[in-house]
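Q: Quick one: sequence plus predicted model below, questions after.
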Amino acid sequence: MGRMIKFLLPFALFVVAVGFLAKGLFLDPHEVPSPLVGKPAPKFQAPILSDTGKVFNSEDMKGQVWLLNVWSSWCGACREEHPILMAMAKTGQIATYGLDYKDTDKEAQAVLDANGNPYKAIATDVDGKIGIDYGVYGVPETYVIDKAGIIRYKQIGPITEENLLTKIVPLLKELQR
Amino acid sequence: MKKLLIIFLLISSSAFAGEAKPLGDDPVIEARLKTLSQDLRCLVCQNTTLADSSAPLAEDLRQEIRKLMREGKSDQEVVDYLVARYGDFVRYRPPVNNETALLWFGPFLLLIIGGFVLYRALKKQAGSDDIKAEDL
């Protein structure tokens, strides 16, 4: 019996250690959990893309569940994500707003003209200040914001079909209730 | 040929001198920024400090830190500002809290467990030696 424990105990510890290491192996170190999840979305006002004179005010979003998708014309992964955003827009169920991060209106508009515009409106963040307030450190990033203006989820990197169906859509359904 | 080389060196070094000019002009703030940003992580290239990174976001954040410092914010307030946006991950010296307790105290815990196991093993060995002595 004693001998059995002598063998099993280190073996069990070994299995546990391997378990932790294996989990660590599959974690993406670039996905840094945002401290803003569960907190009010930072307020901002910014010029609307290619709509000179108009201002986007995040306060106007109160009362609806909305997605803030941070993107840019110079970002390759955003182009990968674009068809999914278009498909989401087509359903008419999801209010996606864009934040054009450190970009020029001209180049951003060119991308939208070529590939379509999935956004209800796009706020521009030319110097990246709004991005800093939202803790953006790589585009694309997407925030799900509830009716009270609380950030409920942050997607780092492009939205994939998988996390759209398993995370974002169920969350939206819950929040829209 | 040698002259040409010297001219090249002179030109290139003066060009570098132009690029390396600090963006802020207050030497006190620059010194504070330099010290503080060595303890902060650049989130784009995660193994570099905010002081060393040339990523555009790191440059933006350094500018933001300069601005905060000019407004009279303390180092702690600047760190809090960044942690509120990017989380504790931006700090190279993680704070002691519930989430990091295992990180801070885990090694000591392992040391205690290891010491206990060693003590037991040695004691047992000493005990078995005694038995052998009796047997003889």
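A: Structure received.
Q: Pull the contacting residues for the residue nearest the centre of chain A.
A: Central residue of chain A (Cα atoms, centre = their mean): A:Thr142, 1.9 Å from the mean position. By Cβ atoms under 8 Å, 6 or more residues apart in numbering or on different chains, A:Thr142 lies in contact with A:Leu67, A:Leu68, A:Asn69, A:Val70, A:Lys154, A:Gln155, A:Ile159, A:Ile168. For the C-beta atoms, the positions are set from N, CA and C on the backbone; glycine is no exception.
Q: If we use 10 Å, what do you get?
A: A:Thr142 is in contact with A:67-71, A:81, A:85, A:96, A:98-99, A:153-159, A:163-164, A:168, counting by Cβ atoms under 10 Å, 6 or more residues apart in numbering or on different chains.
Q: For A:Gly138, which three-state class applies?
A: coil (DSSP: H, G, I helix; E, B strand; the rest coil).
Q: before we move on, what about A:Val144?
A: Looking at A:Val144 with three-state DSSP, the answer is strand.
Q: Chain B against chain A: which residues are in contact?
A: Applying Cβ under 10 Å from any Cβ of the partner chain, we find that chain B lies next to chain A at B:41-44, B:46-47, B:55-61, B:63-64, B:81-90, B:117.
Q: Where does the prediction get shaky in chain B?
A: For chain B, the stretches flagged by pLDDT under 70 are B:1-24, B:128-136.
Q: okay, now the domains of it?
A: Chain B is divided into the following domains under automatic domain parsing: B:22-95, B:98-136.
Q: Highest mean neighbour count out of these?
A: Stretch with highest mean neighbour count among the domains of chain B: domain B:22-95 (a mean of 16; mean count of other Cβ atoms under 10 Å in any protein chain shown).
Q: List the contacts of stretch B:94-111.
A: Residues outside stretch B:94-111 that contact it (Cβ under 10 Å, 6+ apart) are B:Val79, B:Val83, B:Asp88.
Q: ranges for the helices of chain A?
A: Taking DSSP state H to define them, one finds helices in chain A at A:2-25, A:76-91, A:105-115, A:129-133, A:161-163, A:169-176.
Q: what would those look like in a markdown table with distance to A:Gly149, mean neighbour count and mean pLDDT?
A: As requested, the helices of chain A are exported to a markdown table (distance: least, Cβ to Cβ, whole Å; neighbours: other Cβ atoms under 10 Å in any protein chain shown; pLDDT from 0 to 100):
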| stretch | distance to A:Gly149 | mean neighbour count | mean pLDDT |
| --- | --- | --- | --- |
| helix A:2-25 | 34 | 9 | 88 |
| helix A:76-91 | 21 | 16 | 94 |
| helix A:105-115 | 25 | 15 | 94 |
| helix A:129-133 | 14 | 20 | 95 |
| helix A:161-163 | 23 | 11 | 91 |
| helix A:169-176 | 12 | 14 | 93 |
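Q: these two touch, right, A:Val126 and A:Tyr101?
A: Yes - the pair A:Val126 / A:Tyr101 is scored as a contact, 8.9 Å apart, by Cβ atoms under 10 Å.
Q: higher neighbour count, those two?
A: Neighbours were counted for A:Val126 and for A:Tyr101 using other Cβ atoms under 10 Å in any protein chain shown; A:Tyr101 has more, 27 against 14.
Q: returning to what we had before: which ones among the residues of chain B next to chain A lie within helices?
A: Among those, the members found in helices (DSSP H) are B:56-61, B:63-64, B:81-86, B:117.
Q: rewinding a little: which among the helices of chain A is found nearest to chain B?
A: Smallest distance to chain B across the helices of chain A (Cβ to the nearest Cβ): 6.0 Å, for helix A:129-133.
Q: which helices and strands does the closest one pack with?
A: strand A:45-47, strand A:66-71, strand A:95-101, strand A:122-125, helix B:56-70, helix B:75-86 (3 or more Cβ pairs under 10 Å, 6 or more residues apart in numbering or on different chains; DSSP states H and E).
Q: For those, could you give me TSV that also reports distance to B:Ser37?
A: Below are these laid out as TSV (distance: least, Cβ to Cβ, whole Å):
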stretch	distance to B:Ser37
strand A:45-47	27
strand A:66-71	24
strand A:95-101	22
strand A:122-125	23
helix B:56-70	6
helix B:75-86	9
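Q: right, and these - which one's nearest A:Phe14?
A: Closest approach to A:Phe14 among the helices and strands packed on helix A:129-133 (Cβ to Cβ): helix B:75-86, 35.9 Å.
Q: circling back to that earlier point, beta partners for the residue nearest to the centre of chain A?
A: Counting by DSSP bridges, A:Thr142 forms beta bridges with A:Asn69, A:Gln155.
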